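Novice: pasted the sequence and its predicted model underneath.
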Amino acid sequence: MLASLLMMASSAQAAEPVARSLPVDMPLLQIVGDKGEVTVRRVEGSQSRVTATPKRWGEGGCTLDFSGDASQATAQALPTAEANMMESCETAWLVELAGDTRVDINLARGKVTLEDAPARVDVELGSGKLVLVDTQGRVDASLGRGKIKGEHQGEGALAVGVGRIKLESLEQPISARVELGSVKLAWSEVPQGTVVAHAGIGRVRTALPYGATADMADFDRRLASFRTAIPHRNSADTRLEGGARLGATRVKTVIEHDEPEAQDVVVSAE
């Protein structure tokens, strides 16, 4: 069954969109490419679908290859033997999921958009942008350079080498790390567990709902300014870790108000 759905041989130097279906219960789908865009979205139906649209493939051309077995499907754009080293296979991928297939995306450059993506999505991007649109499942992502932004309700571990992370409508604990740049996170629900918000050099901004308390004993305050509008409690449901190693950290409420305990308190760096 799978062979008739997805496993047709590669389509060399295709100029038109190529689509393949896969079973709704496929455990894992891998998308691999040099450059391009990937959109993953949830759809209704009894089958999932992968569509690849060639964009810029250079004079040498590229190959769309679909392969796999009952446990894993792979879709990738590969340069042909005639392509030179300077040519890239820029492809637009559309992944429409009717089930809870885990998706693993690996691009050298480009943009990845997740729209209400189910289950789990892993993203590895050399440089570019990751956009989350009301995502519910777990999202793990690693970007060498670029930004992660949007609205996310699930868990996840997000890391950017140079760039920024800016997420809203958070409900679950996440880990967000930027080595050079900024982290800005806002929760609509109090996260139950450990939150990591870290910048090596840069700024960290976290906002929790009004009335929340947090254990901030493990926030790094050595070489950065630290400001908080959230009361510290050792037994709080939310534990904040990370902070800016060199720069500025601020913890505030989502809704501003004038109660004494919520006013900003500046803590001098040690």
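Specialist: Thanks, I have the structure now.
Novice: alpha carbons only for contacts and neighbour counts from here, please
Specialist: OK.
Novice: residue 167 contacts residue 154, correct?
Specialist: No: judged on CA atoms under 8 Å, residue 167 makes no contact with residue 154 at a distance of 11.4 Å.
Novice: just for the stretch 151-270 of the chain, where's the confidence low?
Specialist: Scanning the stretch 151-270 of the chain for pLDDT under 70 picks out 221-222, 255-270.
Novice: and the end-to-end length of stretch 23-30?
Specialist: Stretch 23-30 has an end-to-end distance of 14 Å (criterion: CA to CA, to the nearest Å).
Novice: that one: how far from the chain's middle?
Specialist: The gap between where stretch 23-30 is centred and where its chain is centred comes out at 20 Å by CA atoms, centre = their mean, to the nearest Å.
Novice: same check, this time on stretch 70-80
Specialist: 21 Å.
Novice: check which helix or strand residue 113 maps to.
Specialist: Using DSSP states H and E, residue 113 sits within strand 102-115.
Novice: give me the helices and strands touching the next helix or strand after that strand, please.
Specialist: Using DSSP H and E, the helix or strand that directly follows strand 102-115 along the chain is strand 120-135. Other elements packing on strand 120-135 under the criterion 3 or more CA pairs under 8 Å, 6 or more residues apart in numbering; DSSP states H and E are strand 102-115, strand 138-152.
Novice: can you give me the offset of strand 120-135 from its chain's centre?
Specialist: The answer for strand 120-135 is 3 Å, by CA atoms, centre = their mean.
Novice: go on, stretch 142-157?
Specialist: Using CA atoms, centre = their mean, the offset of stretch 142-157 from its chain centre is 3 Å.
Novice: got a list of contacts for that stretch?
Specialist: For stretch 142-157, contacts defined as CA atoms under 8 Å, 6 or more residues apart in numbering pick out 123-141, 158-176.
Novice: turn the helices and strands packed on strand 120-135 into CSV, including distance to residue 182.
Specialist: Supplementary listing: the helices and strands packed on strand 120-135 in CSV, determined by distance: least, CA to CA, whole Å:
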stretch, distance to residue 182
strand 102-115, 19
strand 138-152, 10
